[in-house]
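**Q** Pasted the sequence and its predicted model underneath.
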Amino acid sequence: MILLRPMFWITLLLAALFIYLPLRNNDAAMREDLILVAVAIILVSNLNLMIGYTGYVNFGHIVFYGLGGYVGMYLVTARGWHLPTAALTAGIVVSLCALLFGLGILRLRGAYFALATIGVLVAVNAFVRNVDAFGRSTGMYLSFESYQPLGGAMRALWITYYLIIGVMVLSMLLSLLIKRSKFGLGLFAIREDEDAAIVLGINTTTYKAIIYSLSAFLPAVAGALVFFKNGMIDPDIAFEYMLSLEGIVMLMLGGQGTVLGAALGAALYERLRSYLLTSPKLSNFHLVIAGGLLLVVVLFASGGLIGWLYKFVPRSQKVIE
Amino acid sequence: MLRVRISLLSVLFSLATSMLGQQTISIGFTVSKTGALNVDSLEQYRGFELWRDQTNAAGGIKAGGKSYNIQLVSYDDESNTKRVQQLYTRMILQDKADFLFSPYSSSLTATAAVVTEQYGKVMLTTGAAEEKTYKLGNHYLYQMFAPASQYLTAAVDALKTKDPKAAVAFVYEDASFSNAVVTPAKPYAQQQGFNVVFSEAYAPNTTDFSAIIDKVIASKATVLLGGGHYADGSTLARQLEGHKVPLKMVTLLVAPDSPQWTELGDAGVGVIVPSQWEPQTSFVVQYGPQGADFARAYSARYGTPPSYESAGGYACGLILQRAIEQAGDIDTAKVSAALNATDITTFYGKTKFATDPGSHGLQIGHAMVLAQWQKDKAGKLTKEVVWPLGAKSANLKYPMR
Amino acid sequence: MSGILASMIDGLLVGAVYGLAAMGLSLIWGVMDVINLTHGAMIALGMFGMYLLFSLTALNPYLLLLPLIAIGLVLGIFVYWLSVHWVVGRSQLMSLLSTFSVNMMVIGIGTALWSTSPYNVNFSLKGITFGDYTFTGNHIAAASSALVMALALELFLYRTRPGKAIRAVSDNREAAELMGISSTVVLAIAFGIGIALAIGSGALVSTLFPFTILSGAGYQLKSFVVTVLAGLGKPLGALGAGVALGLLEGAVTPFIAVSWIPLIEFGLFVVVLILFPRGIFARATT
């Protein structure tokens, strides 16, 4: 049972920390910092489902987040929906889109699949730029009164924060659940040797389609929430290719295939990035440092931080996963 | 770490100035030091900087019996909306800026406005002509630039006096500012009896215009209106010349106003720009320096003449200063009320803000002119005001070459 | 001259450069099954390399191509030793990530040095005019240079010993080693040539438009599309596919808004990947 897994409680503890820390002093600045970390954890945890569990590298993962943001913003601005329903609907719509894309590209293997995901990202970006309802290259801006249903801008910012923490918890728990399930075993089999898995009778097509679609759901919900909080969305900010790739760095850094690894890598890298970006001297070096870190991980420690932990403290594998 | 250091510095600075009997007022904004908007944004920043230094040298802003030393807090937004969001949040929450100025460009300003409105801080916008931002129900935004709808309507009026039968093409950046300019300009041109033979927007950051230029040639247009900002505008002008497109008038947004335009050499001659301010314009000044004094001080300091972005930046500071003086306080509500009541002429022209909630902050006092790059008798490139006829310093050259 | 023809010629000229850019990617991919994600950054370095050399020497950029390509070869070998050598043969994910990490570092250093403000190489050759339409000299020179470089590569691969060694390793690495070919050296040289081609295409593009260190990304994406269309390891095929892509762009733009082109290209890319996983022109190989 999942309640017996220590990781379940570690996740809840993490969430409690995220809720308590900024609330203690009503510290909006800390909230802003933590929200970036939470979003990174959401994106990386769901990316882990594809890369870590199934062995399929998704280079265009950010497309789910951006598209979720667009659908959510559209529903709120053009249709006047309430945030929670809009966010949930965005998640469902984007998952269905993922299913559609997946039907096409999931039959590709290895690097071809990776390239195809880039193609999907670029195509969706280009598509959005041509649609009037999405604001074309200008994007969409929230009317300042959209925060009224949530009790004004200040309250709305806090409420969205809590909702995002909720999505973060769901992401980590989803990872944990899948890892411990028969479905997860099937995914690992695909990762190890897809042809053998087929021979063993695993319906790899269905499994891959499900996990690709599932890995889109929570990032899309998060996207709808985050862009609502930010009050605006445009194609550049929604489909940032670099964010997609940095997600891979975060996952490799923390330890792909593990729940905590995804969260740890996301948190550490995000803090590092925030620090570097606001430092006047170092802001341009964040990419150099990120690249250097990734190279080191790939060449010497492909299991990331958690992999390194497992090597030195083998017992930890039972607790940290 | 760094946050502590900056706060410590601010605290020390405030301590120091309050020991001298002076308070500080800090104004936050981002500058596009890097990225596609860097040329225009730097000019705007220089306007802020010159205003700060001249005002501080004269003892700062005097209000309610105290004098306030101006401190500008700025970061590089890299011409990027995401950085603008993060940095404005930071300036409000951590650097505790009292007031905000906008970044440069309508799209970055629209993003900053979301943040400043969320936290209820006053922001004066300059370098941002798009109107939609002021129609979203704001309380604390104030626009210094004349709105986008005025940019090309003036060009159409001027064209009508020269060639009512011209074939007009609109080639413009697909971004908030240029869209806001072209959307009203197109029907206006048609109403004035012009044939709009071609109209297409190009993606921001486009560097290769050959495809769109071939289409312009195929449409047999003789007049081209559009552009966006400096990077794309200057490249478009260069490539239009490279393809030898037979145009009689080219009016581009923003780019030709920069002193850097002379780099284009012959490709830049004859191009017209709708301008928020030119050194040749003169007004009866009720507050602040005269236009000639501003231009002189700017050239002396920076070695180039001021563009209208710089004038807008300086005027932005002036108007805030006056509002604080009128309010006698730096409290947001009081200054906001003073800004709402502003109706004054500075070297920059008349400044008055709309106060109805549906379009709060929209600029309703300022008017625009058209300027054209011409070769004087010595062959040197100069920028002349050619429209409206009452304000001109030279005749509009049509055809342009 | 009609608008459509002019547009297609412009497309052809630009397509030749796409093809040249893709050749480097295709060669590396075909020889060592590594997808070089530094490709875009190298193209951008080529742009800046030309900018620097041109600012220093004010020589004709088309002459400056030669030293730049030589530098590219050396740089490519260095990058090979830094990141690729250790991951050749391991999973494709590893080589993707290792080359990607080098890409990030190059972009980071480039941004620190040159920021993201646009740069120009101000050099214009006289164009050729047909009726209403003018084709700029720079475009024509770039396309011609691309063609020359492609032919040079083909000659190298088919008429010289090192070239044949490269083809041998790409066909069957173990067999080549059994024949006494040092595959490591060959791979390093092949990678170096791939990078040199990227640098060369960047240098050519620098005379056409303003650029930043991020400008290579667009060309990298186009290179993927072209490589996938042509099939791996067929450099001359990559040139042909690049020209075809350019022609397609030129043929389509007179009829639709330019903003739809990226969507069409990437839609095409994904469709081709799905239907022809080994490239449209690939021959059946073992």
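**A** Done, it's in.
**Q** Now do the helices in the stretch 151-300 of chain A.
**A** A:153-179, A:182-192, A:194-199, A:204-230, A:235-238, A:241-254, A:259-278, A:286-300 (DSSP state H, counting those that start in this stretch).
**Q** what about the chain, any weak spots by pLDDT?
**A** You didn't pick a chain, so chain A it is. Applying pLDDT under 70 to chain A flags the ranges A:280, A:283-284.
**Q** Please refer instead to chain C.
**A** C:233, C:277-286.
**Q** mind redoing it with 80?
**A** C:1, C:3, C:89-93, C:115-117, C:170-171, C:173, C:231-236, C:276-286 (pLDDT under 80).
**Q** For the longest helix belonging to it, name the packing helices and strands.
**A** If you go by DSSP state H, chain C has its longest helix at helix C:3-32. With contacts defined as 3 or more CB pairs under 8 Å, 6 or more residues apart in numbering or on different chains; DSSP states H and E, helix C:3-32 has these neighbours: helix B:210-218, helix C:39-57, strand C:133-135, helix C:137-159, helix C:161-171, helix C:183-206, helix C:216-230, helix C:235-252. To be clear about C-beta, it is placed using only N, CA and C from the backbone, and glycine gets the same treatment.
**Q** In the helix or strand following the last one, which residues are buried?
**A** Same thing as helix C:235-252. Downstream of helix C:235-252, the first helix or strand assigned by DSSP states H and E is helix C:261-275. For helix C:261-275, burial by neighbour count (16 or more other CB atoms under 10 Å in any protein chain shown) applies to C:Ile261, C:Pro262, C:Leu263, C:Glu265, C:Phe266, C:Gly267, C:Leu268, C:Phe269, C:Val270, C:Val272, C:Leu273, C:Ile274.
**Q** secondary structure class for the closest residue to the third one other than its chain neighbours?
**A** So the one you mean is C:Leu263. Once flanking residues are discounted, C:Leu263 sits nearest to A:Ala126: 3.7 Å by CB to CB, 6 or more residues apart in numbering or on different chains. Assigned with DSSP: H, G, I helix; E, B strand; the rest coil, A:Ala126 falls in the helix class.
**Q** cool, and B:Leu72?
**A** Recorded secondary structure, B:Leu72: strand (three-state DSSP).
**Q** List the residues that contact residue 223.
**A** Using chain A here. A:Gly223 makes contact with A:Phe64, A:Tyr65, A:Gly66, A:Leu67, A:Gly68, A:Gly69, A:Tyr70, A:Gly72, A:Ala90, A:Val94, A:Ala238 under the criterion CB atoms under 8 Å, 6 or more residues apart in numbering or on different chains.
**Q** wait, chain B
**A** Here B:Val223 is in contact with B:Leu159, B:Asp163, B:Ala166, B:Ala167, B:Val168, B:Ala169, B:Leu247, B:Lys248, B:Met249, B:Val250, B:Thr251 (criterion: CB under 8 Å, 6+ apart).
**Q** Quick check: which element contains the last one?
**A** Using DSSP H and E, the secondary-structure element containing B:Thr251 is strand B:249-253.
**Q** And the first one, by the same measure?
**A** B:Leu159 belongs to helix B:149-162 when elements are defined using DSSP H and E.
**Q** Identify the residues contacting that helix?
**A** B:129, B:131, B:166, B:168, B:180-182, B:184-185, B:188-189, B:192-194, B:223, B:225, B:249, B:251, B:253, B:272, B:274, B:367-370, B:386-388, B:396, B:398.
**Q** Strands - which of those residues land there?
**A** B:Val168, B:Val223, B:Leu225, B:Met249, B:Thr251, B:Leu253, B:Ile272, B:Pro274, B:Val369, B:Leu370, B:Val386, B:Trp387 (DSSP state E).
**Q** In contact with the fourth one: list those residues for me.
**A** Neighbouring residues of B:Met249 by CB under 8 Å, 6+ apart: B:Leu159, B:Lys162, B:Asp163, B:Ala166, B:Thr222, B:Val223, B:Leu224, B:Gly270, B:Ile272, B:Tyr398, B:Pro399, B:Met400.
**Q** Contact partners for the last one?
**A** Right, B:Met400. B:Leu247, B:Lys248, B:Met249, B:Val250, B:Val269, B:Gly270, B:Val271, B:Ile272, B:Gln372.
**Q** Excluding covalently adjacent residues, which one is nearest to the residue in chain A positioned nearest to chain B?
**A** Using CB to the nearest CB, the single residue of chain A nearest to chain B is A:Gly231, 3.4 Å away. Distances taken as CB to CB, 6+ apart place B:Val114 nearest to A:Gly231, at 3.4 Å, with adjacent residues excluded.
**Q** Look at A:Phe312 and say how many residues are nearby.
**A** Per other CB atoms under 10 Å in any protein chain shown, the neighbour tally for A:Phe312 reads 7.
**Q** ditto for A:Arg24
**A** 9.
**Q** How about the residue of chain C most remote from its centre: what's its closest non-neighbour residue?
**A** The C-alpha centroid of chain C is most remote from C:Gly131, which lies 32.7 Å away (CA atoms, centre = their mean). Counting by CB to CB, 6+ apart, C:Gly131 lies nearest to C:Met1, which is 4.5 Å off, once chain neighbours are set aside.
**Q** Tell me if the one you found really is in a strand.
**A** No - using three-state DSSP, the secondary structure at C:Met1 is coil, not a strand.
**Q** Now do whichever residue of the stretch 151-286 of chain C sits closest to chain B against B:Ala231, distance only.
**A** Nearest to chain B, among the residues of the stretch 151-286 of chain C, is C:Phe209, at 3.6 Å (CB to the nearest CB). Relative to B:Ala231, C:Phe209 is positioned 10 Å away (CB to CB, to the nearest Å).
**Q** ditto for A:Thr205
**A** Distance from A:Thr205 to B:Ala231, counting by CB to CB: 47 Å.
**Q** ok, those two, which is more surrounded?
**A** More crowded of A:Thr205 and B:Ala231, by other CB under 10 Å: B:Ala231, with 25 against 13.
**Q** okay but the more buried one is in contact with C:Pro118, surely?
**A** Yes - under the criterion of CB atoms under 8 Å, B:Ala231 makes contact with C:Pro118 at 5.1 Å.
**Q** The helix holding B:Leu159 relative to strand B:249-253, how many degrees between them?
**A** 170 degrees (axes from the mean of the first three to the mean of the last three CA atoms, to 10 degrees).
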